[in-house]
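Undergrad: what's the 3D shape of this:
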Amino acid sequence: MDFDSVYFLFQSDGYTSFFNTCIFIKDAKNKSRANEIMESYKRLLSKKYEPLSEDTDNLGFKNFSGGISPLWNGNWYDFFSMLSDGIYLTAVHTDVIKYSENLVRDFGNKYGVRIVYGPYQYVKEEF
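TA: Below you'll find the model as predicted:
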């Protein structure tokens, strides 16, 4: 599968860098095309992450998530603590972002359909 852009994100504790997020994006000119791309993501991800969870976002797009976060240590008590703390627990999820009017005018694509691994917060930043 080809993508229009890919982002690799890292975080550091001052000594070590951690790869914590990867975002793959395919651009879509309209809602119909965005839905087609999302269905192809669903087919692709369901081969590895079964079952996939499904929900609908505020733009009306279906989103999917699956797998287990590498931050989970296997302890069920910790799993429920992470859940109650709002920490993202799945390995991968999809979503659709709506581009700003300036980007739509300049590049012609209204949406970015994403596959996102992470983000995983390896470093606890406290200020």
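
Undergrad: give me the distance between Glu54 and Tyr99.
TA: The gap separating Glu54 from Tyr99 is 24 Å, by Cβ to Cβ, to the nearest Å. Where C-beta positions appear, they are placed from N, C-alpha and C, glycine not excepted.

Undergrad: who has more neighbours out of these two?
TA: Counted by other Cβ atoms under 10 Å, Glu54 and Tyr99 do not tie: Tyr99 has more neighbours, with 17 against 12.

Undergrad: got a list of what Asp57 touches?
TA: Contacts for Asp57 were tallied using Cβ atoms under 8 Å, 6 or more residues apart in numbering; they are Asn63, Asp95, Val96.

Undergrad: any chance of JSON lines for those, columns distance to Arg114 and neighbour count?
TA: Output for the contacts of Asp57, formatted as JSON lines (distance: Cβ to Cβ, whole Å; neighbours: other Cβ atoms under 10 Å):
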{"residue": "Asn63", "distance to Arg114": "9", "neighbour count": "21"}
{"residue": "Asp95", "distance to Arg114": "5", "neighbour count": "19"}
{"residue": "Val96", "distance to Arg114": "7", "neighbour count": "21"}
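
Undergrad: just send those back as JSON lines, with secondary structure too.
TA: Compiled in JSON lines, the contacts of Asp57 are given as follows (DSSP: H, G, I helix; E, B strand; the rest coil):
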{"residue": "Asn63", "secondary structure": "strand"}
{"residue": "Asp95", "secondary structure": "strand"}
{"residue": "Val96", "secondary structure": "strand"}
